[in-house]
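Colleague: I'll drop the sequence and a predicted model, then ask my questions.
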Amino acid sequence: MVATLPPVHPGEVIQEEFLEPLGISVAELAERLRAPAERLRALAGRERIVAADDTLRLWRFFGTTPEFWLNLQAQHDLEAAMAAIGSELEAIEPRAGVEGA
């Protein structure tokens with residue numbers, strides 16, 4: 001049996017790739033983003049999704065792109081859904097003539 005890693009949540013990326021290396025706390029990030037601290041704590045704690053509002057604030061502060069954050073969230077959601085319903089998807093027979101399915 002192959003062990004699979006859980007999907008990477010955008011909050012994990014914020015915490016490990018941005019906050020820790022920069023020495024910034026979640027509270028400080030919230031202040032700098034002009035966002036509620038509880039919202040950022042929930043995001044960094046992987047308890048909340050990255051919403052469009054968050055992506056714009058993170059883009060502006062960290063100099064990434066809004067798409068970077070949206071894509072992280074979309075990838076997380078797809079991987080989580082695949083893990084949850086993968087066997088059901090395998091049981092779906094693709095429509096005749098559909099390539100790549």
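Modeller: Structure's in. What do you need?
Colleague: Only C-alpha atoms from now on, for both contacts and neighbour counts.
Modeller: Fine.
Colleague: Under the pLDDT cut-off, which ranges of this protein? List them.
Modeller: The chain contains residues with pLDDT under 70 at 1-3, 99-101.
Colleague: mind listing the helices for it?
Modeller: Under the criterion DSSP state H, the chain contains helices at 10-13, 20-22, 26-33, 37-44, 52-62, 66-90.
Colleague: which one of these lies closest to A96?
Modeller: Each of the helices of the chain was checked against A96 via C-alpha to C-alpha, and the shortest separation belongs to helix 66-90, namely 15.5 Å.
Colleague: and that closest one, how far out from the chain's middle?
Modeller: Averaging C-alpha coordinates over helix 66-90 and over its chain gives two centres that are 9 Å apart (C-alpha atoms, centre = their mean, to the nearest Å).
Colleague: Likewise for stretch 44-57?
Modeller: 8 Å.
Colleague: and the gap between R41 and A35?
Modeller: Counting by C-alpha to C-alpha, to the nearest Å, the gap between R41 and A35 amounts to 11 Å.
Colleague: Same drill for those two, tell me which one is more crowded.
Modeller: When neighbours are counted by other C-alpha atoms under 10 Å, R41 and A35 differ, and R41 comes out ahead with 18 against 15.
Colleague: Next up, the contacts around the more buried one.
Modeller: Residues counted as contacts of R41 (C-alpha atoms under 8 Å, 6 or more residues apart in numbering) are V26, A27.
Colleague: picking up where we left off before, can I get the helices of the chain in a markdown table including distance to G97?
Modeller: Supplementary listing: the helices of the chain in a markdown table, determined by distance: least, C-alpha to C-alpha, whole Å:
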| stretch | distance to G97 |
| --- | --- |
| helix 10-13 | 37 |
| helix 20-22 | 49 |
| helix 26-33 | 49 |
| helix 37-44 | 42 |
| helix 52-62 | 37 |
| helix 66-90 | 17 |
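Colleague: Can you list the buried residues in stretch 27-40?
Modeller: L29, A30, L33, A37, R39, L40 (16 or more other C-alpha atoms under 10 Å).
Colleague: got the contact list for it?
Modeller: Outside stretch 27-40, the residues within contact range by C-alpha under 8 Å, 6+ apart are V26, R41, R48, R57, L58, F61.
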